[in-house]
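**Student:** below are the sequence and a predicted model; questions follow.
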Amino acid sequence: MRTSGFRVRVVRAVVGGGLIIAMTAPAAAATETAAAAATEAFTVTAACPADVVPASGFTDIRGAHRAAIECLRWFGLTEGVTATTFVPGKAITRGQAASFVVRLLRAADDVRLPAPRRGAFRDVSTGEHAAAIETLAAVRTPILRGFDDGTFRPKRAIRRDQFATIVARTLDEVVRQTGAARLPAVDDHPFVDVRGEEHRVAIARLTAAGIVAGTTPTTFAPGDKVTRGQSASMLARTLGGLVDAGVVARPVRVRGVVHDAADAAPGEVGKPIRGATVTITHPSLTPGVTVLTVARTNSEGRFALWLRHGEYRITVAADGYLALQRNVTVERDTAPTLDLRMFKPGATPDTSIVTTSRPGDVSVSADGRWWLVALYKGPSRTRFLPSDATAIVLERPDGKRFDLGPAGTEHAWFSRNPDGTSTRVGAQTGVHRLYYRLADGWVHLDARFDDRGRLTAINGQPYRD
């Protein structure tokens with residue numbers, strides 16, 4: 001084996017359960033240091049310290065792959081077959097492998113994925129893994145390459161050598177975009193059953209990094225199927241390298257309190273709501289959206305969960321209260337505390353509401369991603385922003401109501417797409433009524449959207465961007 005002109009020797013140790021741990025011991029001190037650093041970086045513990053990661057709840061993951069599965073679950077990169085089972089011995093398909101890799105790349109801060117290359121493979125057009133497959137095929141140096149007949153065969157079980165090549169190409173793409181998490185530059189290995197050039201170098205590089213290992217000291221079993229447990233171990237070690245290089249950040253602990261805010265002044269905590277369900281999704285109400293995590297409040301109305309930095313949609317449900325939905329941004333290495341204020345239906349009166357009736361009483365501006373609203377209230381035409389309000393409640397055309405929480409920095413409503421359409425809070429065709437709670441009562445505003453999600457009228461008056 002050679003690396004950067006230096007000779008190296010490969011040392012292998014057999015540990016419990018028949019696992020093979022790869023270690024390189026080069027003759028040159030500089031190469032030895034670099035190889036040792038790479039092997040140390042690409043480990044499960046580099047991503048997930050054992051004393052930090054919470055239990056996943058899977059009852060069938062005893063054994064060699066348990067730490068890796070718990071790690072990926074903590075990062076939100078894998079799910080169980082059921083709520084309590086992972087089925088680590090089940091083979092994964094080529095399509096599933098693509099989805100795993102896309103999730104991993106999307107966790108990296110500075111890695112940008114291209115739009116899917118539609119029609120990349122003639123047998124991939126629909127299905128849950130189609131977008132992931134076509135995305136990896138669109139990368140500058142494609143991470144996925146199909147068969148000579150133009151197919152990808154997404155439902156076929158993926159082999160160990162094929163998966164190794166995909167992981168190596170994935171790390172090469174990370175290096176191309178960030179310069180970090182580089183694999184050792186080796187091209188040889190001790191496996192007598194790895195023949196041909198297609199996967200040889202990828203297996204050698206991943207073995208030197210400690211991401212993969214043989215089934216024995218001299219065999220790799222390249223044609224064997226990759227199981228869910230094995231894929232988790234490979235990806236968790238890869239993740240360790242990305243975390244060690246600063247490309248991916250660990251999840252942070254997010255805490256919050258859910259309480260009845262009817263009689264609570266701004267900044268105060270009202271009566272705690274026990275047993276409320278807190279659901280975290282990506283900031284969209286698109287049907288079929290993936291639920292990332294669910295928590296329930298304790299007797300003090302409090303909950304805690306782990307989230308990676310990014311934008312999320314929080315939905316809170318509790319018996320006798322309006323549904324609450326808010327967008328929340330979790331900053332890197334910052335553990336936020338969420339104040340989730342809920343209202344009973346009677347807390348938002350349908351009568352005796354001060355209304356804004358003249359066109360001049362409302363101004364709406366398009367500020368980048370958001371529609372921003374300014375309101376004018378009463379004979380004196382006092383101007384205020386929704387950020388002055390203590391609560392915002394949305395009533396959609398279908399009659400459903402959502403408590404959007406205290407305004408605070410959430411003074412913008414309905415994210416505004418580049419083409420002028422709006423998607424936030426699942427804008428529907430028809431009139432949406434937004435209630436703003438002020439110190440002296442409620443003010444409402446009516447916003448009408450057309451069937452394309454464009455804002456067309458405010459309080460019955462035409463709106464033009």
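**Tutor:** Here it is on my side, so go on.

**Student:** lowest-confidence helix or strand of this protein?
**Tutor:** Ranking every helix and strand in the chain by mean pLDDT, DSSP states H and E puts strand 6-14 at the bottom, with a mean of 30.

**Student:** where's Thr238, which helix or strand?
**Tutor:** Taking DSSP states H and E as the criterion, Thr238 maps to helix 228-244.

**Student:** actually Arg140, sorry about that
**Tutor:** Using DSSP H and E, Arg140 sits in no helix or strand.

**Student:** got the angle for the top helix by length along the chain vs helix 228-244?
**Tutor:** Secondary structure assigned by DSSP state H gives helix 160-178 as the longest helix of the chain. Put simply, helix 160-178 runs at 20 degrees to helix 228-244, going by axes from the mean of the first three to the mean of the last three Cα atoms, to 10 degrees.

**Student:** can you tell me which residues contact Ile69?
**Tutor:** Ser56, Phe58, Ile61, Thr78, Phe86, Pro88, Gly229, Ala232, Ala236 (Cβ atoms under 8 Å, 6 or more residues apart in numbering). Where you see a C-beta, it was placed from the backbone N, CA and C, and this is true even at glycine.

**Student:** same check, this time on Leu305
**Tutor:** Contact analysis of Leu305 by Cβ under 8 Å, 6+ apart lists Arg253, Val254, Val278, Ile280, Thr293, Ala295.

**Student:** so among those, where is pLDDT lowest?
**Tutor:** Looking at these by pLDDT, the weakest one is Thr293, with 82.

**Student:** any idea which element the residue nearest to it when sequence neighbours are not counted lies in?
**Tutor:** Spatially, and ignoring its direct neighbours in sequence, Thr293 is nearest to Ile280 (4.8 Å; Cβ to Cβ, 6 or more residues apart in numbering). Element membership for Ile280 (DSSP H and E) is strand 277-281.

**Student:** on that earlier part again, okay, the longest helix of the chain in CSV with CA atoms only?
**Tutor:** Once non-C-alpha atoms are left out, helix 160-178 reads as follows in CSV (Å, rounded to 0.1, in the frame of the first residue of the first chain):
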residue,chain,number,x,y,z
ARG,A,160,-21.3,-3.9,0.2
ASP,A,161,-18.9,-2.8,-2.6
GLN,A,162,-21.5,-0.6,-4.2
PHE,A,163,-22.3,1.1,-0.9
ALA,A,164,-18.7,1.7,-0.1
THR,A,165,-18.2,3.5,-3.5
ILE,A,166,-21.3,5.7,-2.8
VAL,A,167,-20.0,6.7,0.6
ALA,A,168,-16.5,7.5,-0.8
ARG,A,169,-18.0,9.6,-3.5
THR,A,170,-20.2,11.4,-0.9
LEU,A,171,-17.1,12.3,1.1
ASP,A,172,-15.4,13.5,-2.1
GLU,A,173,-18.3,15.8,-2.7
VAL,A,174,-18.0,17.2,0.8
VAL,A,175,-14.3,17.8,0.2
ARG,A,176,-15.0,19.5,-3.1
GLN,A,177,-17.4,21.9,-1.5
THR,A,178,-15.8,22.4,2.0
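
**Student:** so for that helix, mean pLDDT?
**Tutor:** 97.

**Student:** stretch 333-348 now?
**Tutor:** 76.

**Student:** hang on, Asp224 packs against Ala157?
**Tutor:** No. Asp224 is not in contact with Ala157 according to Cβ atoms under 8 Å; the separation is 9.5 Å.

**Student:** quick one, which of those two is more surrounded?
**Tutor:** Here Asp224 and Ala157 are compared on neighbour count by other Cβ atoms under 10 Å; more neighbours surround Ala157, at 17 against 14.

**Student:** need the contact list for that one.
**Tutor:** By Cβ under 8 Å, 6+ apart, the contact list for Ala157 reads Ala91, Ile92, Thr93, Arg94, Lys225, Val226.

**Student:** what's the nearest residue to the third one if we skip its chain neighbours?
**Tutor:** Residue nearest to Thr93 in three dimensions, not counting chain neighbours: Lys155, with 5.4 Å by Cβ to Cβ, 6+ apart.
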